[in-house]
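Visitor: Build me a model:
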Amino acid sequence: MEEEIKSLIRKGFPDREVDEQTSLSDLAQDSFARIEMLMDIEQSIGVRIPEEDILEMDTVGDLIAVVRRLKK
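Guide: A predicted model of the protein is given here:
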């Protein structure tokens, strides 16, 4: 699942290096880009990320951890 999420992020930001320490705000520098990225991940993975989790996520690693928790 980790590689699937990273792959989805790379599709939206092909010129960026993506690992677990990558800052989500550095990738998606405006809120629209961040929302679009998260919607793509939600649709592809089949989860709904609650707003309170979205507000707490700072890195790709945080995003992966949230998705893992929601998929259990």
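Visitor: how many neighbours does the spatially closest residue to residue 13 that is not a sequence neighbour have?
Guide: Distances taken as C-beta to C-beta, 6 or more residues apart in numbering place residue 27 nearest to residue 13, at 5.2 Å, with adjacent residues excluded. C-beta: built from backbone N, CA, C; applies to glycine. Neighbour count for residue 27, taken as other C-beta atoms under 10 Å: 19.
Visitor: What's the separation between the residue sitting furthest away from the middle of the chain and residue 2?
Guide: Taking C-alpha atoms, centre = their mean, the residue of the chain most remote from its mean C-alpha position is residue 72, at 17.5 Å. For residue 72, the distance to residue 2 (C-beta to C-beta, to the nearest Å) stands at 15 Å.
Visitor: Ok, residue 16 next?
Guide: Taking C-beta to C-beta as the measure, residue 16 falls 17 Å from residue 2.
Visitor: So between the two, which is more surrounded?
Guide: Neighbour totals were compared for residue 16 and residue 2, and residue 2 leads with 14 against 11 (other C-beta under 10 Å).
Visitor: how about the more buried one, what does it touch?
Guide: Neighbouring residues of residue 2 by C-beta atoms under 8 Å, 6 or more residues apart in numbering: 20, 64.
Visitor: And for residue 56?
Guide: Residues near residue 56 by C-beta under 8 Å, 6+ apart: residue 62.
Visitor: Alright, calling it a day.
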